[in-house]
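> no FASTA, just this:
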């Protein structure tokens, strides 16, 4: 944190500040010591999101690579730029108030995989999205997208998934999961 | 035995420490005045339902200086709500495509203001002069 | 297995309320509070006969319902979540009942009032 704002210190220049600068450990994480924080919670959530291509059928190398049009890549590319820097977690007051909230980066990553045409794991990830501390822990403060150094726009990823989650909630009786491909 | 003692910082007064958060709380706070205004309109509907005398009472209250001040406050609140709502709407939607081209956020924002202008014109027009 | 949240219901109502509040409420506030009472919309703008006539028609009832009810849910939803933002976490369940309960009560009263206008 630089003067109370989440920043990448490697991209923050002293020339942009006045006489003094206040450096603090990333907000909303327990301080281990000095400027080091405990990011265990984030790493657990990252793993729980299943951040890999979940395929319907096994593919062999002989089948070659996946094919994807530029339009298909456009749907998720922005969200794949996340460098797991945790600035968004430091920005997010909902995470600060309750660390059970899944948080911006992980929810963006879930969206990144769900929106990837190669992936078939949306069903498996919906449980994480639909939970109280999934997308519903977000109140669209929007600061996460403000501070993201890679312009991932986590606020957008999360709130697009509110629509998906709501649709899943209301349509689950009309079109039960597993009934269609 | 671990000697770790991770220190968790307090969230007290978190929103007062950053202008971004102050604006967020103001945005959320507009809902109090929106709720109060809903109650006033509900009162009007109930008065209308109760008859001309009750309704006249409500109309008289709407002319009271306190009511004017209250309405001005609600107008400011609902104006800020509208500004922030329209600004954030593009983020809540999947990317829109029209004729193969992506619709820029600014267009979505402008379209909402246009919709609000039309709705306002209809409401004001309906109340003024020839109503239903 | 994480429990599925019931937020979509309240969020949907909040969303509708947000749109109505943003698009229609400014004009409504002008009507009921500023232009109407000062006579700038004409002396008969909010007259009983006109108002009752509009609300007497089923279409008028629907319009009024759409204008009055959704913002109640916007308010209930935001106030409930703001309590948490302000660090007020005691009696979360009660807070939810009060915030959404008042919105529900207001909605019910609006329906009753409108049905009572012939």
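Noted; the coordinates are in hand. Remember, it's a predicted structure, so these values are computed and weren't measured experimentally.

> Quick one: end-to-end distance for stretch A:31-48.
This stretch, stretch A:31-48, spans 23 Å end to end (Cα to Cα, to the nearest Å).

> Buried residues of that stretch, list them for me.
Residues A:31, A:32, A:37, A:38, A:39, A:41, A:42, A:45, A:46 are the ones in stretch A:31-48 that count as buried (16 or more other Cβ atoms under 10 Å in any protein chain shown). For glycine as for every other residue, the C-beta is placed from the backbone atoms N, C-alpha and C.

> just those now: which is nearest residue B:41?
Nearest to residue B:41 out of the buried residues of stretch A:31-48 is residue A:45 (Cβ to Cβ; 43.8 Å).

> how far out from the middle of the chain is stretch B:92-102?
The chain centroid and the centroid of stretch B:92-102 are separated by 26 Å under Cα atoms, centre = their mean, to the nearest Å.

> List the ones among the buried residues of stretch A:31-48 that fall in strands.
Among the buried residues of stretch A:31-48, the ones falling in strands (DSSP state E) are A:31, A:32, A:37.

> Now narrow the residues you listed to whatever sits close to chain C.
Contacts with chain C within these, as defined by Cβ under 8 Å from any Cβ of the partner chain: none are present.

> which of those lies closest to chain B?
Distance to chain B across these (Cβ to the nearest Cβ) is lowest for residue A:31, with 4.4 Å.

> what's the closest non-adjacent residue to that closest one?
residue B:7 (4.4 Å; Cβ to Cβ, 6 or more residues apart in numbering or on different chains).

> I'd say the one you found and residue A:25 touch.
No: the pair residue B:7 / residue A:25 is not scored as a contact, 9.1 Å apart, by Cβ atoms under 8 Å.

> So between those two, which is more surrounded?
When residue B:7 and residue A:25 are compared on other Cβ atoms under 10 Å in any protein chain shown, the one with more neighbours turns out to be residue A:25, at 19 against 11.

> Helix, strand, or coil at the more buried one?
coil (DSSP: H, G, I helix; E, B strand; the rest coil).

> list the contacts for it?
Contacts for residue A:25 were tallied using Cβ atoms under 8 Å, 6 or more residues apart in numbering or on different chains; they are A:1, A:31, A:34, A:35, A:36, A:37.

> and the third one, what does it touch?
If I follow you right, that is residue A:34. Counting by Cβ under 8 Å, 6+ apart, residue A:34 touches residue A:25.

> so where's the longest helix in chain C?
Ranked by number of residues, the top helix in chain C under DSSP state H is helix C:58-85.

> Check which helices and strands that one sits against.
Applying 3 or more Cβ pairs under 8 Å, 6 or more residues apart in numbering or on different chains; DSSP states H and E, we find helix C:58-85 packed against helix A:93-97, helix B:19-50, helix C:7-23, helix C:48-56, helix C:92-115.

> And that helix, how far out from the chain middle?
Relative to the centre of its chain, helix C:58-85 is centred 3 Å away, using Cα atoms, centre = their mean.

> Please name every helix or strand in contact with the one helix or strand residue A:109 maps to.
Assigned by DSSP states H and E, residue A:109 belongs to helix A:104-114. Identification of packing neighbours for helix A:104-114 by 3+ Cβ pairs under 8 Å, 6+ apart yields helix A:40-48, helix A:70-77, helix A:87-91, helix A:122-130, helix A:154-171.

> Give me the contact list for that helix.
With contact meaning Cβ under 8 Å, 6+ apart, helix A:104-114 is reached by A:42, A:45-46, A:48-54, A:76, A:79-80, A:82, A:84, A:86, A:88-89, A:91-92, A:95, A:119, A:121-122, A:125, A:128-129, A:134-135, A:138, A:144, A:152-155, A:157-158, A:160-161, A:164.

> Closest one of the contacts of residue A:25 to residue C:103?
residue A:1 (38.3 Å).

> Who are the contact partners of the closest one?
Applying Cβ under 8 Å, 6+ apart, we find residue A:1 in contact with A:7, A:22, A:23, A:24, A:25, A:26, A:27, A:90.

> Tell me how many other residues crowd the last one.
I take that to be residue A:90. By the criterion of other Cβ under 10 Å, residue A:90 has 23 neighbours.

> Next: the second one.
Neighbour count for residue A:22, taken as other Cβ under 10 Å: 10.

> Identify the residue of chain A closest to chain B, quick one.
For chain A, Cβ to the nearest Cβ, closest residue to chain B: residue A:30, 3.4 Å.

> Show the contacting residues for the closest residue to that residue other than its chain neighbours.
Nearest residue to residue A:30 in three dimensions, chain neighbours excluded: residue B:6, at 3.4 Å (Cβ to Cβ, 6+ apart). Residues near residue B:6 by Cβ under 8 Å, 6+ apart: A:30, A:31, A:32, A:38.

> Quickly list what the second one is bridged to.
Spelled out, it's residue A:31. Beta-bridge pairing for residue A:31 (DSSP bridges): residue A:37, residue B:7.

> Look at residue A:131 and say how many residues are nearby.
Other residues close to residue A:131 by other Cβ under 10 Å number 21.

> Which pLDDT value goes with it?
With respect to pLDDT, residue A:131 scores 93.

> how far away is the closest residue to it other than its chain neighbours from chain B?
Of all residues not flanking residue A:131 in the chain, residue C:2 sits nearest, at 4.0 Å (Cβ to Cβ, 6+ apart). In this view, residue C:2 and chain B are 23 Å apart by Cβ to the nearest Cβ, to the nearest Å.

> dump the residue contacts of residue C:2.
Contact partners of residue C:2, counting by Cβ under 8 Å, 6+ apart, are A:127, A:128, A:130, A:131, A:134.

> Perfect, I'm done here.
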